[in-house]
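Novice: below is the structure, and that's it, no one-letter string:
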């Protein structure tokens, strides 16, 4: 496509737009729905297209990390084509809300389907899938009775036996943010420093590599998002690593969300709300979560059997939005503690 | 052009080429002004010292390795003869098609503790066997060095082939063997090209995020990402990027010194086909082993790993959409390559015509983008595009996005990022054309534009091909700018790699990664063929 073709396309689009403006307000139905999504293509595209077919509209999407998508929305301002923003981390949703990029939505359906701690009290965003960040252990060398809390991974018995993903990963930053909220900054920093003292190897760039290191015997325990283990167990039935639900006697296991909200300057607002409601409906929730071995946010929906097999657990029910507010403090704590 | 004096024309043209990058820089500087002092204090206390040291070690290590590999291999294949020379002379370009982040994840997945090779070694020699960890400073230097030596190889080989016969004659007349000839004669003569290759490697290393993050090796780039993604402060991230640019300015000044003074021009173009130094017996086989080892580590072994993984996921993931990804990738890379080449020619020619201070400065600014981490540059680019769209709306009325979300926006981003890659070879090519030729053309009454078309372009041949190829391959591998500014539906192979690796799905990423390598082989082969033909003709 040449520059001229692009220009011609633009001019044609302008002419059409001018025509539409003369003809009066356009009909909402039939207009495309535009989604900016940090939940990646392979996890969403099929559902997006299915929604488009059901509604007889085109669903257009771009993927990127949460932060660049927020920057793109900011630069596009009031003229942004985006109708829906989907993230894979509560912190990004909180930040998009702070930046004024999302608009509040009042939807009895969404409020009923999504538990209160997994959505913004003002309706800027709603959790759509839940991932637990908890302890993973080697079934060959560790008994579940050896394990209890996240903090206990700093005990002397795990010296040289703990593996962690990098502190640059947003999921670890969210985890630390939760601890700052729950136990205060000092106690949280003591805990993180104790973990770092127990490391068996330099932190890993992702959870999958870390889980494989546990399986291979480089270390015995680690902290992972549940779905990474779900994928590995799905690929290899006898994968020698298992989930342990941390902090069950305390405030509960840390959860984060992949969720979405309606863009501030959505051109197709009604459709955007309808889309979020569709994603939150039980049948779609099941699939939205299952494709990534996650837990549906809609409490009335079951996860995959292999996810259910990990057993029930008590999640920490502090609103996940608080994570975003505390995340910068968590990052600075991680830097101070030397969690690479 | 008539209204302008002969000096003003080139200056205006050079400054015009630098304008987009100048606007992006201004956006970065403006954004950096809003950096949070509290965050900055935290960074200086806990982060900066470490990442500056890490970054310096990495750049020095990678440049040293890339220059050592690139120069020695170029010398072996250009000036010597040994078993397999004909094959290696083109095969050693191939690792250029292998993105550094792909090499990184293949290396970590196969060589880390849990990887196939250490696991096999432990099974063989016992569980206590200590294998040196790949996730180390040495490991990341090795991966980036193997991924980037082709830049030096390309530049050095071009120089050695052009100088070939004369250098060898000079070296032989002085009684030097092949290695003494390389060190005492060929390298000093090739300094501008080696420095140009080393500068590309240094800038590429400074801007790398993909490979260092696989190794969890903290550099300036990872600190920038953390400030933006984790501390939620894009302004502080931009301030860090500015500081990085300060270091780049120092590095570029060093390069200027390394290039040496004086003009480097070739002697007569009609020199005979060089008589190669034949490495006989053991020496020949050592050369063969060395070249073979580099080719195996940089291309064959990672390629085999990629193919194995890709075959496993292809039944699920490979579908008709890949045709579209490949076509989009190739067309974007092609458009960007020609855009960068055109601007590089303008810049190079302006610098040749004018002796003022502005054209060189414009060239420096226009090519700075290569050292900026892609994501930072992308922030600058979308900010500028937003500003342009706002201005267009307020001038012309209407609403919507005029520039943002078009292919043109994406191309502007690529030009800002990759102009340096095209400019290096073009500038090197200009340097090799003797001023006397221009004087002659001018005395015949040819206008500057005619001189460019009829004298320079034909003589620039190899430089033009090199520029096109380097930009083409770089754009195919590019992620952050593509991700942030692409129009709907313009997903490329690199976008697909990103989406898989972002989810930790390394094996599934092998399919689009392999497609990048395969699609990159075609232009690499074309260039190789051209260069070899040029060498035979010389």
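Specialist: Thanks, I have the structure now. Because the structure is a prediction, the values reported are computed rather than measured.
Novice: for the rest of this, base every contact and every neighbour count on C-alpha atoms.
Specialist: OK.
Novice: local confidence estimate at the residue nearest to residue B:82 when sequence neighbours are not counted?
Specialist: Spatial nearest neighbour of residue B:82, excluding adjacent residues (CA to CA, 6 or more residues apart in numbering or on different chains): residue B:284 at 4.8 Å. Each residue has a pLDDT score; the one for residue B:284 is 95.
Novice: let me see the contact set for residue B:284.
Specialist: Neighbour list for residue B:284: B:81-83, B:278 [criterion: CA atoms under 8 Å, 6 or more residues apart in numbering or on different chains].
Novice: what about it, distance to residue B:527?
Specialist: 27 Å (CA to CA, to the nearest Å).
Novice: repeat that for residue A:218.
Specialist: Separation of residue A:218 from residue B:527 (CA to CA) stands at 45 Å.
Novice: try residue A:130
Specialist: In this view, residue A:130 and residue B:527 are 50 Å apart by CA to CA.
Novice: also residue B:278?
Specialist: From residue B:278 to residue B:527 the distance is 26 Å (CA to CA).
Novice: looking at the two, which is more packed in?
Specialist: Using other CA atoms under 10 Å in any protein chain shown as the criterion, residue B:278 and residue B:527 rank with residue B:527 on top: 21 against 15.
Novice: the more buried one against residue B:469, yeah?
Specialist: Yes - judged on CA atoms under 8 Å, residue B:527 makes contact with residue B:469 at a distance of 6.9 Å.
Novice: quick check: mean pLDDT of the longest helix seen in chain B?
Specialist: Secondary structure assigned by DSSP state H gives helix B:137-173 as the longest helix of chain B. Mean per-residue pLDDT for helix B:137-173: 86.
Novice: shaky segments in the chain?
Specialist: Going with chain A. Applying pLDDT under 70 to chain A flags residues A:1-29.
Novice: switch to chain B, please.
Specialist: Within chain B, the segments meeting pLDDT under 70 span B:1-7, B:164-165, B:178, B:259-275, B:534-538.
Novice: domains of it?
Specialist: Annotated domains of chain B cover B:1-33+B:318-491, B:34-315 [automatic domain parsing].
Novice: picking up where we left off before, elements contacting the longest helix of chain B?
Specialist: Judged by 3 or more CA pairs under 8 Å, 6 or more residues apart in numbering or on different chains; DSSP states H and E, the packing partners of helix B:137-173 are helix B:48-79, helix B:100-111, helix B:178-181, helix B:187-207, helix B:210-215, helix B:506-537.
Novice: list the contacts of the next helix or strand after the first one.
Specialist: Helices and strands here follow DSSP states H and E; after helix B:48-79, the next one along the chain is strand B:80-81. Counting contacts by CA under 8 Å, 6+ apart, the residues outside strand B:80-81 that touch it are B:178, B:276-279, B:284.
Novice: closest one of those residues to chain A?
Specialist: Checking these against chain A with CA to the nearest CA, the nearest one is residue B:284 at 41.6 Å.
Novice: do you know how far the closest one is from residue A:324?
Specialist: 62 Å.
Novice: for residue A:78, give me phi and psi.
Specialist: Here the main-chain torsion angles of residue A:78 (degrees, to the nearest 10) amount to phi -70, psi -20.
Novice: make sure it is actually in contact with residue A:263.
Specialist: No - at 10.0 Å, residue A:78 and residue A:263 do not qualify as touching, with contact defined as CA under 8 Å.
Novice: and the two? Which one has more around it.
Specialist: Just comparing residue A:78 and residue A:263: by other CA under 10 Å the higher neighbour count belongs to residue A:263, 31 against 18.
Novice: can you name the residues that contact the more buried one?
Specialist: With contact taken as CA under 8 Å, 6+ apart, residue A:263 is in contact with A:82-85, A:101-103.
Novice: also residue B:167?
Specialist: B:181, B:185-186.
Novice: burial measure for whatever residue of the stretch 151-300 of chain B ends up closest to chain A, as a count.
Specialist: Proximity to chain A, evaluated over the stretch 151-300 of chain B using CA to the nearest CA, is greatest for residue B:231 at 4.4 Å. For residue B:231, the neighbour count with other CA under 10 Å is 22.
Novice: so the closest residue to it other than its chain neighbours: helix, strand or coil?
Specialist: Leaving aside its sequence neighbours, residue B:231 sits nearest to residue A:328 (CA to CA, 6+ apart; 4.4 Å). The assignment at residue A:328 comes out as helix when based on DSSP: H, G, I helix; E, B strand; the rest coil.
Novice: who in the stretch 1-150 of chain B is up against chain A?
Specialist: Residues of the stretch 1-150 of chain B lying close to chain A (CA under 8 Å from any CA of the partner chain) are B:42, B:46-47, B:109, B:113-114, B:119, B:135.
Novice: in those, find the pair that's most separated.
Specialist: The span of the residues of the stretch 1-150 of chain B next to chain A, defined through CA to CA, is set by B:42 and B:119 at 41.0 Å.
Novice: the strands in chain A, which residues?
Specialist: Assigned strands in chain A, in chain order: A:33-37, A:59-63, A:84-87, A:102-103, A:126-138, A:162-163, A:221-225, A:241-244, A:254-263, A:295-296 (criterion: DSSP state E).
Novice: ditto for the stretch 351-500 of chain B
Specialist: Taking DSSP state E, counting those that start in this stretch as the test, none of the stretch 351-500 of chain B falls into strands.
Novice: how about the residues of it near chain A?
Specialist: With CA under 8 Å from any CA as the criterion, the stretch 351-500 of chain B meets chain A at residues B:379, B:382-383, B:385-386, B:399-402, B:404, B:406-408, B:483-485, B:488-489, B:499-500.
Novice: are any of those buried, and which?
Specialist: When these are checked for burial by 16 or more other CA atoms under 10 Å in any protein chain shown, the buried set is B:379, B:382-383, B:385-386, B:399-402, B:404, B:406-408, B:483-485, B:499-500.
Novice: measure the residue lying closest to residue B:523 once chain neighbours are set aside to residue B:112 for me?
Specialist: Once flanking residues are discounted, residue B:523 sits nearest to residue B:469: 6.3 Å by CA to CA, 6+ apart. To residue B:112, residue B:469 is 33 Å away according to CA to CA.
Novice: could you do residue B:226 as well?
Specialist: For residue B:226, the distance to residue B:112 (CA to CA) stands at 25 Å.
Novice: swap in residue A:265?
Specialist: Counting by CA to CA - residue A:265 and residue B:112 are separated by 47 Å.
Novice: ok, residue B:461 next?
Specialist: Per CA to CA, residue B:461 is found 44 Å from residue B:112.
Novice: and those two? Which one has more around it.
Specialist: Higher neighbour count among residue B:461 and residue B:112: residue B:112, with 20 against 15, using other CA under 10 Å.
Novice: let's verify the spatially closest residue to the more buried one that is not a sequence neighbour: helix, strand, or coil?
Specialist: Using CA to CA, 6+ apart and skipping residues adjacent in sequence, the residue nearest residue B:112 is residue B:134, 5.7 Å away. What three-state DSSP gives for residue B:134 is coil.
Novice: was I right to think residue B:134 contacts residue B:106?
Specialist: No - Residue B:134 lies out of contact with residue B:106 (CA under 8 Å); the separation is 11.1 Å.
Novice: which one's more surrounded, these two?
Specialist: A count of neighbours by other CA under 10 Å puts residue B:106 above the other of residue B:134 and residue B:106, at 23 against 20.
Novice: what's the neighbour count on residue B:102?
Specialist: Other residues lying near residue B:102 total 27 when counted by other CA under 10 Å.
Novice: for residue B:491, see how far away it is.
Specialist: The spacing between residue B:102 and residue B:491, counted by CA to CA, is 18 Å.
Novice: do residue A:89 as well
Specialist: Applying CA to CA, the value for residue A:89 to residue B:491 is 23 Å.
Novice: looking at these two, which is more packed in?
Specialist: residue A:89 (26 against 21).
Novice: how far away is residue A:106 from residue A:257?
Specialist: Distance from residue A:106 to residue A:257, by CA to CA: 20 Å.
Novice: most proximal residue of chain A with respect to chain B?
Specialist: residue A:328 (4.4 Å).
Novice: for residue B:346, give me its contacts.
Specialist: B:13-14, B:17.
Novice: the spatially most central residue of chain A - nearest residue in space that isn't next to it in sequence?
Specialist: In chain A, the residue lying closest to the centroid (CA atoms, centre = their mean) is residue A:88, at 2.5 Å. Distances taken as CA to CA, 6+ apart put residue A:258 closest to residue A:88, at 4.0 Å, once the chain neighbours are dropped.
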